[in-house]
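Visitor: just to be clear, the model below is a prediction. Sequence and coordinates:
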Amino acid sequence: MTKTAPQPAPPPAEVHLIASDAEAIETAHSLAAEFAAYASVRDRDRILPWQQLERFSASGLWGISVPREHGGAGVSVVTLARVIAIIGAADGSLAQIPQNHFYALEVLRSGGSPDQQARFNALALAGHRFGNALAEIGARDFNRRTRLSRDGDRLFVTGQKFYCTGAIFAHWIPTLVVDEDERQQIVFIPRAADGVSVTDDWDGFGQRVTGSGSVAFDRVEVQPDWVVPFQSSFENPTPIGPLAQILHAAIDLGIGKGAFQDTLPFIHERARPWLDSGVDRAADDPLLVAGVGDVALRLRAAEALLHRAGRAVDEAIADTTDFTVAQASLAVAAARALTTTAGLLAASKLFELTGTSATLTEDNLDRHWRNVRTHSLHDPVRWKYHAIGNHSLNGINPPRHGAI
């Protein structure tokens, strides 16, 4: 059933200002412990996490990427990815909701004017959440049909969007449009603006409480200073693409680690050894133990590649050149390839290693596989291997866009 989504509550009255990378990690662990408690119930009953998002916003974590010159902690991308993975292990949906918030802040950092950066970074630090209205359906190409048009001195946005993760919960909706010169721009549109309607119609089998519904813009009037250059950000090298993709990798890693965390106690408390193993406990079954080792190793390898990719993106932000951005894209592509496969493996092996009793509906352990499978479809991992192979074999750098 679809329904018009309610307006979010105003930003929290008090938002903690996180001061360092270490504090960001500590805060993420503390929140993850809270979020994990009812994550299964929220997924099972499709309860949108309004209360959890208020805690998430008030914690200050949504402002950690704001540069120090604008009053934020300016944490490293290594830390940002780690924070998302920590939250993802507790609740994959909650980890995905701020992905486009951080993406919008990077678009702003790369292409926004000083005044735009000052304004929207201050809003992020004050607890305002940015959603997204980027993707469209209804055509097989990737051309955007949502328009930014001019009527005299006034600007209007008209169009339809789907897969709008976070828009339901957002105070601002960064929206990808095409202007009258056929150039792509990002427009920061207030969620409460006249003509904006958000529909809670996401019915995918995974990531069920991300609020990834539809947004319609019916001749919504916007201000010129809400329009941030987007297409020009890819005509020159920028870290926008790698930054977006490393957050997706962190989400998949987090979900995989969450599945693994649920696998271990189930083996100790409820699983049975196979009858040919010659042991009394499942935890002593040699083939089961080897299977656990396989998953653990792949998750650790994926985490190492995520850390390596974060350093590469940090280098590209500090010194943005064709070389550093290409290296960041390649490092992130490698991380995405392995976090996808490791996350899927962990979620699938949960059942192979624990047995039929793990499929009981009351445990809802299938949410891990549903979540990582759904999220990992954002863009095809096969093209990550292509980017790496094409560079290795032919010396060709990855293309510049938000999906590499």
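Guide: Done, it's in. Residues are numbered from 1 along each chain as shown.
Visitor: domain parsing of this structure, as residue ranges.
Guide: Here the domain parsing of the chain from automatic domain parsing is 3-125, 147-232, 236-394.
Visitor: quick one, helices of the stretch 151-300 of the chain?
Guide: In the stretch 151-300 of the chain, the helices defined using DSSP state H, counting those that start in this stretch lie at 232-235, 240-269, 286-318.
Visitor: buried residues, the longest one. List them.
Guide: For helix 286-318, the buried set under the neighbour-count rule, 16 or more other Cβ atoms under 10 Å, comprises 288-289, 291-292, 295, 298-299, 302-303, 305-306, 309-310, 312-317. (Glycine included, C-beta is placed from N, CA and C.)
Visitor: span of stretch 232-243 from start to end?
Guide: By Cα to Cα, to the nearest Å, the extent of stretch 232-243 from end to end equals 17 Å.
Visitor: just the buried residues of that stretch, please?
Guide: Buried-residue list, stretch 232-243, by 16+ other Cβ under 10 Å: 233-234, 237-243.
Visitor: just how off-centre is stretch 182-195 within its chain?
Guide: Stretch 182-195 sits 21 Å away from the centroid of its parent chain (Cα atoms, centre = their mean, to the nearest Å).
Visitor: which regions of the stretch 201-350 of the chain sit below the pLDDT cut-off?
Guide: Residues of the stretch 201-350 of the chain meeting the criterion pLDDT under 70: none.
Visitor: tell me the pLDDT at Ile137?
Guide: In the prediction, the pLDDT value recorded for Ile137 is 87.
Visitor: that one: neighbour count?
Guide: The local packing of Ile137 (other Cβ atoms under 10 Å) involves 10 other residues.
Visitor: pull the contacting residues for it.
Guide: 162-163 (Cβ atoms under 8 Å, 6 or more residues apart in numbering).
Visitor: what's the closest of the helices of the stretch 151-300 of the chain to Arg336?
Guide: Shortest separation from Arg336 across the helices of the stretch 151-300 of the chain is recorded for helix 240-269, at 4.5 Å, computed as Cβ to Cβ.
Visitor: what residues of the closest one count as buried?
Guide: Neighbour count says helix 240-269 has 240-260, 262-264, 266-267 buried, by 16+ other Cβ under 10 Å.
Visitor: with stretch 26-34 instead?
Guide: 27-28, 31-32.
Visitor: cool, stretch 375-393 as well?
Guide: So stretch 375-393, judged by 16+ other Cβ under 10 Å, has buried residues 375-376, 378-379, 381, 383-384, 387-388, 391.
Visitor: what does stretch 195-205 give?
Guide: Result for stretch 195-205 [16+ other Cβ under 10 Å]: buried residues 196, 198-200, 202.
Visitor: go on, stretch 173-190?
Guide: By neighbour count on 16+ other Cβ under 10 Å, the buried set for stretch 173-190 is 173-179, 184-190.
Visitor: and of the residues you listed, the nearest to Thr340?
Guide: Distances from Thr340 to the buried residues of stretch 173-190, taken by Cβ to Cβ, are shortest for Leu176, at 24.4 Å.
Visitor: residues in contact with the closest one?
Guide: Residues counted as contacts of Leu176 (Cβ under 8 Å, 6+ apart) are 133-134, 144, 146, 184-186, 230.
Visitor: picking that back up, distance to Gly278 and pLDDT added to the buried residues of stretch 173-190, as JSON lines?
Guide: Shown next, in JSON lines, are these (distance: Cβ to Cβ, whole Å; pLDDT from 0 to 100):
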{"residue": "Ile173", "distance to Gly278": "60", "pLDDT": "98"}
{"residue": "Pro174", "distance to Gly278": "59", "pLDDT": "98"}
{"residue": "Thr175", "distance to Gly278": "62", "pLDDT": "98"}
{"residue": "Leu176", "distance to Gly278": "60", "pLDDT": "97"}
{"residue": "Val177", "distance to Gly278": "66", "pLDDT": "97"}
{"residue": "Val178", "distance to Gly278": "67", "pLDDT": "97"}
{"residue": "Asp179", "distance to Gly278": "71", "pLDDT": "96"}
{"residue": "Gln184", "distance to Gly278": "63", "pLDDT": "95"}
{"residue": "Gln185", "distance to Gly278": "67", "pLDDT": "97"}
{"residue": "Ile186", "distance to Gly278": "62", "pLDDT": "98"}
{"residue": "Val187", "distance to Gly278": "66", "pLDDT": "98"}
{"residue": "Phe188", "distance to Gly278": "64", "pLDDT": "98"}
{"residue": "Ile189", "distance to Gly278": "65", "pLDDT": "98"}
{"residue": "Pro190", "distance to Gly278": "66", "pLDDT": "98"}
